[in-house]
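Chemist: Requesting a structural model of the entry that follows:
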Amino acid sequence: MPFSDTGGRLILAGMFPDRVTLAENCQRGDLLGYAGGWKLADGNAVVAATFIAGEPGIVGVKIAVWRMALVDGLAGGTAGGALYLSDTPGKYADSAGTSAQIVGRLASATAGWVDLRFGLLGLTNSEFDAGAVVAGSKRATPARTQHFTGQTVLDLSGAAQVEVVQFYSVVALTVTKVVLVYVEASSADAGVAVSVGKNASAAWFYTGNSEISKSLYYSKEVTLAHAALAAGEYITLSNAGGKVGTGNIQVHIEFTVDD
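Modeler: Sure, this is the predicted structure:
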């Protein structure tokens, strides 16, 4: 029988989830793209497929989507054959349409692995309007922030800690906030130097003396000297140590991903 996509689909497995607000009604398993809003991808109109709808939805509703999924509910496919974005909005085809976008590969006559992890390659920055971007992107308004807390505890009264690596980034980041959290109360004795930096620049983001007479879980957002962390760079922590009295600090960092 010839290949067909009736639209009655199931998501058997999904990876790389996100959520988007619809600008057009969709069914579960539909291919979605961005064209002034999240709509049905369309080979004929060259609306590139970027996500797979994880559930049905109507205009204005925010739904779960996948970047990669095993989609069932097709018919007449050939295992191993390529899946394409159809010229019929939202649907799949087993041969190239107008856009010739390959979206996955058939695993059986009825199911295919759809992989859109590289589906943004044909989009331009003008298509990344507020709310359209993937979570964590710098271009969202407001930017969707990601964060981590350094695994190293800075023991202010212990030995010096020099450029202890906390985080490695494979993409360019913009650090938006650095917070020092006192996980042990700080005594009234003089503070010692604490720095947050990157490889080859120990005080790139911040350097300053720890505070005295602070209670357990006191936190302080510091003023950043720089914000940029290039792809392939590390975030490091340093502590001069040697404080006479007590005080331990952990460092919390928030950032956005550069586009």
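Chemist: tell me, which strand in the protein spans the most residues?
Modeler: Assignment by DSSP state E gives strand 4-21 as the longest strand of the chain.
Chemist: Identify each buried residue in that strand, please.
Modeler: Within strand 4-21, the residues that qualify as buried are D5, G7, R9, I11, G14, D18, V20, counting by 16 or more other Cβ atoms under 10 Å. (Glycine included, C-beta is placed from N, CA and C.)
Chemist: Leaving out chain neighbours, which residue sits closest to T21?
Modeler: K62 (4.7 Å; Cβ to Cβ, 6 or more residues apart in numbering).
Chemist: Could you list the domains of the chain?
Modeler: Domains of the chain are assigned by automatic domain parsing as 4-127, 146-257.
Chemist: Please identify the deepest-packed of the ones you listed.
Modeler: Across those, averaging neighbours per residue (mean count of other Cβ atoms under 10 Å) puts domain 4-127 on top, at a mean of 18.
Chemist: So in that sheet, which strands flank the helix-or-strand element of the chain with minimal mean pLDDT, and in what orientation?
Modeler: Scoring the helices and strands of the chain by mean pLDDT, DSSP states H and E places strand 146-149 at the bottom, with a mean of 85. Taking DSSP bridges as the criterion, strand 146-149 forms sheet pairs with strand 248-257 (antiparallel).
Chemist: Distance from the chain centre to stretch 227-238, please.
Modeler: 18 Å (Cα atoms, centre = their mean, to the nearest Å).
Chemist: ok, and what's touching it?
Modeler: Here stretch 227-238 makes contact (Cβ atoms under 8 Å, 6 or more residues apart in numbering) with 150, 152, 154, 160-176, 193-199, 202-203, 205, 251, 253, 255.
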